[in-house]
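Peer 1: need a structure here:
(chains A and B)
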Number of protein chains: 2
Amino acid sequence: MKCRKCDQKAVINMRQHKLALCKDHFLDWVLEQTERNIRKYSLFSKKDRILVAVSGGKDSLALWDVLNKLGYQTAGLYINLGIHGDSDYSNYSQQLIKNFANKKNLTLHVVNIQSEYGKTIPEFSNSNKRGKSKPCSICGLVKRHTMNEIASKFDYDVLVTGHNLDDEVAVLFNNVMGWQVDFLRRQAPYIPAKKGLLPKAKPFCRFYERETAAYALLSNIEYIEDECPFSLGSTTIQNKELLNNLENKRAGTKLAFYLKFLNAKKELFSEIEDYHLIEQLFTCPSCGQLTQREGLCTFCRMISAK
Amino acid sequence: MKCRKCDQKAVINMRQHKLALCKDHFLDWVLEQTERNIRKYSLFSKKDRILVAVSGGKDSLALWDVLNKLGYQTAGLYINLGIHGDSDYSNYSQQLIKNFANKKNLTLHVVNIQSEYGKTIPEFSNSNKRGKSKPCSICGLVKRHTMNEIASKFDYDVLVTGHNLDDEVAVLFNNVMGWQVDFLRRQAPYIPAKKGLLPKAKPFCRFYERETAAYALLSNIEYIEDECPFSLGSTTIQNKELLNNLENKRAGTKLAFYLKFLNAKKELFSEIEDYHLIEQLFTCPSCGQLTQREGLCTFCRMISAK
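Peer 2: Prediction:
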């Protein structure tokens, strides 16, 4: 198969767009499409100081690379969660990200959860009822807290994450199967700032996972291929398989599901006041971050527990 | 496994309810649950004259049987669509329904599409662009028209159909994957009357397909086991398989998906005026039924086409 734009051999065929491209035109296409998403969803501008949450996986490293090439002001944030397992997951990820940042001469913030708060994520999970079976909810809590903390401390304007279409669609599917209206209301490429907190943006939300993987491979970005060991067998991964089956039967199913959802949201939620405006928030007396209840926030309650 | 209510051997185990029952207690349970649904969703009362749309399949015959046993005033409507195939589908269905009605001494209306309008459903489909690939949308149009006509001619108060949970959930899944907001808004166990048209009710919407099948079998109801030959490979059947896989992984998934949807609807659509009230309707100058456009209705346009 040939590239749509030149005579070279195509390296990827994106059936949902009926578009096959060679290496160079594909890499250009990823840059163009990212820029297009940034404008379409009003994510951020060249004036903004952007904090990229990097995990060491293909998506976040590809995203950081793309934003850097497009001329955005970016710095990275790596949160070392202390997850080891067979592959020394967290430390190996950290090394790959440091190499990447050094090579590109980019600022990288590293927060080591164990050094900072005395316990790794698996340790926090084991000592907490909420995390006993799966550490994922504890991990989410710690990451959100740390991202907000670093963004506020260094005065970033926006936090961006590498969530791709497959990620978004798996979460959307889960929220729909359980009809979690509040989660549906909040799922979007751009989540506006709550007072005092920074906005969040997902410039890769329209790329399939295979496209971000192809971008990382073709750009010679070294990334960690293993999934987090705790994610194995998760609902998200099961949902991804199911959605892949649907996609295989009809190319474009995932993209249509997501884009039609974003459209339907305007109709479904237009009448309802933005939840940010109606939610009453308090300030945690310990860390100073915003919280939904009076007193210590959930994060500070967890780290202060014996 | 033993019956929850007596010492007999259980004939069915409903994992989503953690409920195993013997034959007699299961048959009682179906009656009780149907009565409960009728009340919960305010479907109809003992004073109403009910028209049951019967296809000859397990669901509609089981429903007619149950409503009759519960003491409701029912008559059946069978629409012979002229679908033959290997099993002489339509005529065999008609025979089974006639036997059922005779045995129970119940009124049955039979409308033969070919005698009434000159063509069978496959013939209408072949001569109509809309039905070229699949006759299902033509079939839906003809059935809706005929049901409304009979209900109005014989002054029935409500039309009931045998849609079970699996049917409802497969349609819901389809509407969600395409985010068809208007279809989501209209999907419900009870669809109120438009002016001049009768309300529609689905008393079996909370029963799994295997429960209605078990009811029909255990009650010695003779029904047609074949699916409509045109339904093979349909999206609805594919969705059912996918949802069965989810159900097998976690019992109760389908029921939760449906019930949470009904709940979420209250929140999602509460702000929006009922579409029945805002939709402008016209009267078809030929058949006198209501239609969304001025002039002949879609049905009358189809049957008057060469």
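Peer 1: in the stretch 101-250 of chain A, what residue is nearest chain B?
Peer 2: Ranked by Cβ to the nearest Cβ, the top residue of the stretch 101-250 of chain A for proximity to chain B is A:Trp179, at 3.8 Å. No exception for glycine: its C-beta is placed from N, CA and C like everyone else's.
Peer 1: Give me the spatial nearest neighbour of whatever residue of the stretch 1-150 of chain A ends up closest to chain B, chain neighbours excluded.
Peer 2: In the stretch 1-150 of chain A, no residue comes nearer to chain B than A:Gln16, which is 14.6 Å away by Cβ to the nearest Cβ. Nearest residue to A:Gln16, sequence neighbours excluded (Cβ to Cβ, 6 or more residues apart in numbering or on different chains): A:Gly252, at 3.6 Å.
Peer 1: so how far is A:Phe261 from that neighbour?
Peer 2: A:Gly252 sits 14 Å away from A:Phe261, taking Cβ to Cβ, to the nearest Å as the criterion.
Peer 1: and these two? which has more neighbours close in?
Peer 2: Summary of the neighbour comparison: A:Gly252 and A:Phe261, criterion other Cβ atoms under 10 Å in any protein chain shown, with A:Phe261 having more neighbours (22 against 15).
Peer 1: same question for the helix or strand containing the more buried one, mean pLDDT?
Peer 2: Secondary structure here is read from DSSP states H and E; on that basis A:Phe261 sits in helix A:253-269. For helix A:253-269, the per-residue pLDDT values average out at 93.
Peer 1: Report all helices and strands that it contacts.
Peer 2: In this structure, helix A:253-269 packs against helix A:165-177, helix A:181-186, helix A:235-249, helix B:165-177, helix B:181-186, with contacts taken as 3 or more Cβ pairs under 8 Å, 6 or more residues apart in numbering or on different chains; DSSP states H and E.
Peer 1: thinking again about what came up before, tell me which residues touch the residue of the stretch 101-250 of chain A closest to chain B, please.
Peer 2: Taking Cβ atoms under 8 Å, 6 or more residues apart in numbering or on different chains as the criterion, A:Trp179 is in contact with B:Phe257, B:Lys260, B:Phe261, B:Asn263, B:Ala264.
Peer 1: Among those residues, the buried ones, what's the PyMOL command?
Peer 2: One line in PyMOL is enough to select the buried ones among the contacts of A:Trp179; burial here means 16 or more other Cβ atoms under 10 Å in any protein chain shown:
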select buried, chain B and resi 257+260+261+264
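Peer 1: Save the contacts of A:Trp179 as a markdown table, and put in distance to A:Thr120 too.
Peer 2: What follows is the contacts of A:Trp179, written out as a markdown table (distance: Cβ to Cβ, whole Å):
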| residue | distance to A:Thr120 |
| --- | --- |
| B:Phe257 | 37 |
| B:Lys260 | 36 |
| B:Phe261 | 40 |
| B:Asn263 | 39 |
| B:Ala264 | 38 |
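Peer 1: How about the residues of the stretch 101-250 of chain A by chain B?
Peer 2: Contact residues (Cβ under 8 Å from any Cβ of the partner chain) of the stretch 101-250 of chain A with chain B: A:Val176, A:Met177, A:Gly178, A:Trp179, A:Val181, A:Gln238, A:Leu242, A:Asn245, A:Leu246, A:Lys249.
Peer 1: tally of neighbours for the closest residue to the first one other than its chain neighbours?
Peer 2: Computed as Cβ to Cβ, 6+ apart, the closest residue to A:Val176 that is not its neighbour in sequence is B:Val176, at 5.4 Å. With neighbours defined by other Cβ under 10 Å, the count for B:Val176 comes to 22.
Peer 1: do A:Lys104 as well
Peer 2: A total of 14 residues lie near A:Lys104 under the criterion other Cβ under 10 Å.
Peer 1: Find me the pLDDT at the nearest residue to it once chain neighbours are set aside, would you?
Peer 2: Leaving aside its sequence neighbours, A:Lys104 sits nearest to A:Asn68 (Cβ to Cβ, 6+ apart; 6.1 Å). Predicted confidence (pLDDT) at A:Asn68: the value is 98.
Peer 1: Report the secondary structure element holding A:Asn68.
Peer 2: Per DSSP H and E: helix A:58-69 holds A:Asn68.
Peer 1: Give me the next element, helix or strand, following that helix.
Peer 2: As the chain continues past helix A:58-69, the following element, by DSSP H and E, is strand A:73-80.
Peer 1: Give the other helices and strands that that next one contacts.
Peer 2: In terms of contacts (3+ Cβ pairs under 8 Å, 6+ apart), strand A:73-80 is packed against strand A:49-53, helix A:58-69, helix A:89-104, strand A:107-112, helix A:113-117, helix A:136-153.
Peer 1: could you dump these to CSV with distance to A:Lys129?
Peer 2: Below are the helices and strands packed on strand A:73-80 laid out as CSV (distance: least, Cβ to Cβ, whole Å):
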stretch, distance to A:Lys129
strand A:49-53, 27
helix A:58-69, 30
helix A:89-104, 24
strand A:107-112, 25
helix A:113-117, 18
helix A:136-153, 10
